[in-house]
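1. below is the sequence, then the predicted model.
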Amino acid sequence: MTLEQQRPEVPSYTQPPPSTTDLDYAELPIIDLSKAITPEGRVELAKLVTEAMTNQGFFYVVNHGYPPEQTKRIFDIANVPFEHVPEPEKQTYAGTMKATGSYQGYKLRQYWHIDNGVRDQIEHYNINRDTTKRGHPEAVRPLLPEIEAFAKHNHFNVLHPILRLLAIGLQLPEDTFVDIHGYKAVGETYVRFMKYYPRTKDEEDKTNQVWLKGHTDFGTITILYSQPVAALQILTPEGNWKWIRHIDNALVINAGDAMEFLSGGYYRATIHRVVQPPPDQQAYTRLGAFYFAMSDDDIKLAPLLQSPVLQRVGIKRRFEEDETPTMEEWRKGRTSAYGQSELTKKGQVEEEVINGVLVKHYN
Ligand SMILES: O=C(O)CCC(=O)C(=O)O
Ligand SMILES: [Fe+2]
């Protein structure tokens, strides 16, 4: 039987209508990933991706091989862990981020401190690409083959092609990054479904409408399935927050810390945050689907000095040579500390030190 024929029934999730508010949107390039199949296409796209990653640090991908019906189906599936699993069962499958430094299972609401005593109203359900690593709620179990197919699509049809473009941009052999992002290798690359719930006026006031503080992602590449509720903003190199516009069936791509470290600061881990949506969307919950990619756990996050581009433009080192963390050390430090540790306030920025590196949280 094909996957199509065995598809279990899942309640349909209806996306809220797009906002008609006039927002200050970021102008981001759109990469037609179908062009990446030819060497000439890759050279053309590598230029665009390099330009995006050295400037705003975000871009869109279209024609990634997932038709709109399948995107619709993945959002139906993404909604299940939040709306179709009873609360007590959610507790049973809560993750142990602080103890293990690993995102697997639920991050339940109110786990993070945002500001002035207000805690978050965000739920995640995180699933390792090896879906057998952990047990799953009953309603999720029949969906695991499709979730695994989703992970594979992201890994081989989106992540690897993008990693090839980023290697070309550094004049490195095309598979330099692909070789350290094995699907079967030991590492934490995972699928995340995420739901944001509207908050009280008091919570909005006390946090300046910030739902998820400004941060960089800690992995190499983040793949976000575009959805219509406007709330995601990026910090531009000029220091302004700009909104991310929804494009049907597009992906929003950005680099995280690990890519910034490997590329000696050439590819930027752009700061982004999530804020209260505009008035016409404030009554809705906001559902997200992501693939968070990391290099294999044993990779040292040191700049790829052999890159002729880096030799030319110079390298920004974040660590002394002997203190460079591996991917595993970095992700565990960032995961266990996030939203839990005491932060030092410095105006709009709060700081903490993880593995000897200053990590900033932006309001
Ligand atoms: O929900 C979003 O649009 C972004 C979420 C995000 O930045 C994250 O989970 O790291
Ligand atoms: Fe993020």
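-> Arrived safely, thanks for sending. Ligands and ions are numbered 1, 2, ... in the order given.
2. now do the SS call for the residue nearest the centre of the chain.
-> Geometric centre of the chain, nearest residue: Thr222, 3.6 Å, by Cα atoms, centre = their mean. Following DSSP: H, G, I helix; E, B strand; the rest coil, Thr222 is assigned to strand.
3. who's in contact with it?
-> Neighbouring residues of Thr222 by Cβ atoms under 8 Å, 6 or more residues apart in numbering: 253-256, 290-293. Quick note: C-beta positions are derived from backbone N, CA and C, even for glycine.
4. of all of the stretch 101-250 of the chain, which residue lies closest to ligand 1?
-> Leu232 (3.7 Å; Cβ to the nearest ligand atom).
5. so for that residue, what's the pLDDT?
-> Here, the pLDDT recorded for Leu232 equals 98.
6. that one touches Gln276, doesn't it?
-> No - applying Cβ atoms under 8 Å as the test, Leu232 and Gln276 come out as separate, 11.8 Å apart.
7. settle it for me: which of those two has more neighbours?
-> Set Leu232 next to Gln276 and count neighbours by other Cβ atoms under 10 Å: Leu232 wins out with 25 against 19.
8. do you know how far Ser19 is from ligand 1?
-> 14 Å (Cβ to the nearest ligand atom, to the nearest Å).
9. from memory that residue sits against Gln282, does it?
-> No - applying Cβ under 8 Å as the test, Ser19 and Gln282 come out as separate, 9.9 Å apart.
10. ok, the two, which is more surrounded?
-> Neighbours per residue, other Cβ under 10 Å: of Ser19 and Gln282, the larger number sits with Ser19, 20 against 13.
11. residue contacts, that one?
-> 228-230, 277-278, 280-281.
12. could you rerun that using 7 Å?
-> For Ser19, the contacting residues are 230, 277-278, 280-281, by Cβ atoms under 7 Å, 6 or more residues apart in numbering.
13. before we move on, back to that, ok, the residue of the stretch 101-250 of the chain closest to ligand 1 to Val191 distance?
-> With the distance defined as Cβ to Cβ, to the nearest Å, Leu232 ends up 18 Å from Val191.
14. surely His186 is in contact with Met294?
-> Small correction: residue 186 is Val, not His. No - taking contacts as Cβ atoms under 7 Å, Val186 lies outside contact range of Met294: 10.8 Å.
15. compare the two (neighbour count), which wins?
-> Of the pair Val186 and Met294, Met294 is the one with more neighbours under other Cβ under 10 Å, namely 25 against 11.
16. leaving out chain neighbours, which residue sits closest to the more buried one?
-> Spatial nearest neighbour of Met294, excluding adjacent residues (Cβ to Cβ, 6 or more residues apart in numbering): Gly219 at 3.9 Å.
17. check Gly169 too.
-> Thr50 (3.6 Å).
18. host element of Lys47?
-> In this assignment (DSSP states H and E), Lys47 forms part of helix 39-54.
19. ok, back up a step: quick one, what contacts the residue nearest to Met294?
-> 256, 258, 292-294, 331.
20. ok, it to Arg73 distance?
-> Distance from Gly219 to Arg73, by Cβ to Cβ: 25 Å.
21. and the strands in the stretch 51-200 of the chain?
-> Secondary structure of the stretch 51-200 of the chain, counting by DSSP state E, counting those that start in this stretch: strands at 58-62, 105-107, 113-115, 118-119, 122-128, 190-196.
22. could you dump those into CSV and include mean neighbour count?
-> Listed next are these as CSV, based on neighbours: other Cβ atoms under 10 Å:
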stretch, mean neighbour count
strand 58-62, 21
strand 105-107, 22
strand 113-115, 18
strand 118-119, 17
strand 122-128, 22
strand 190-196, 21
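23. could you tell me the least trusted of those strands?
-> Among those, strand 113-115 scores lowest, at a mean of 84.
24. now do the helices in this structure.
-> Assigned by DSSP state H, the helices in the chain fall at 3-6, 39-54, 68-83, 87-92, 97-100, 144-152, 160-169, 201-206, 257-262, 308-313, 327-337.
25. just name the most buried of these.
-> Sort the helices of the chain by mean neighbour count, taking mean count of other Cβ atoms under 10 Å, and helix 257-262 sits at the top with a mean of 26.
26. quickly check: it near ligand 1 or not.
-> No - figure legend: helix 257-262 not in contact with ligand 1 (Cβ under 6 Å from any ligand atom); closest approach 11.7 Å.
27. hmm, who's touching that helix?
-> In contact with helix 257-262 (Cβ under 7 Å, 6+ apart) are residues 216, 218-221, 267-269, 294-295, 301, 303-304, 318, 327, 330.
28. and those, which is closest to Asn208?
-> For the contacts of helix 257-262, the minimum distance to Asn208 (Cβ to Cβ) is 19.9 Å, reached by Thr216.
29. how many neighbours does the closest one have?
-> 25.
30. from what I can see it touches Arg273, true?
-> No - between Thr216 and Arg273 there is no contact under Cβ under 7 Å: 10.7 Å.
31. state the distance from Leu304 to Arg42.
-> Taken as Cβ to Cβ, the span from Leu304 to Arg42 is 18 Å.
32. tally of neighbours for Gly182?
-> Neighbours around Gly182, by other Cβ under 10 Å: 13.
33. how about the contacts made by the nearest residue to it once chain neighbours are set aside?
-> Closest residue to Gly182 in three dimensions, ignoring its sequence neighbours and counting by Cβ to Cβ, 6+ apart: Asp296, at 5.8 Å. Asp296 is in contact with 180-182, 185-187, 327, counting by Cβ under 7 Å, 6+ apart.
34. same thing but at 6 Å, please
-> 180, 182, 185, 187 (Cβ atoms under 6 Å, 6 or more residues apart in numbering).
35. please name the nearest non-neighbouring residue to whichever residue of the stretch 251-363 of the chain sits closest to ligand 1.
-> Ligand 1 sits closest to Gly288 of the stretch 251-363 of the chain, with a gap of 4.5 Å, by Cβ to the nearest ligand atom. Nearest in space to Gly288, with sequence neighbours left out and distances taken as Cβ to Cβ, 6+ apart, is Met194 at 4.0 Å.
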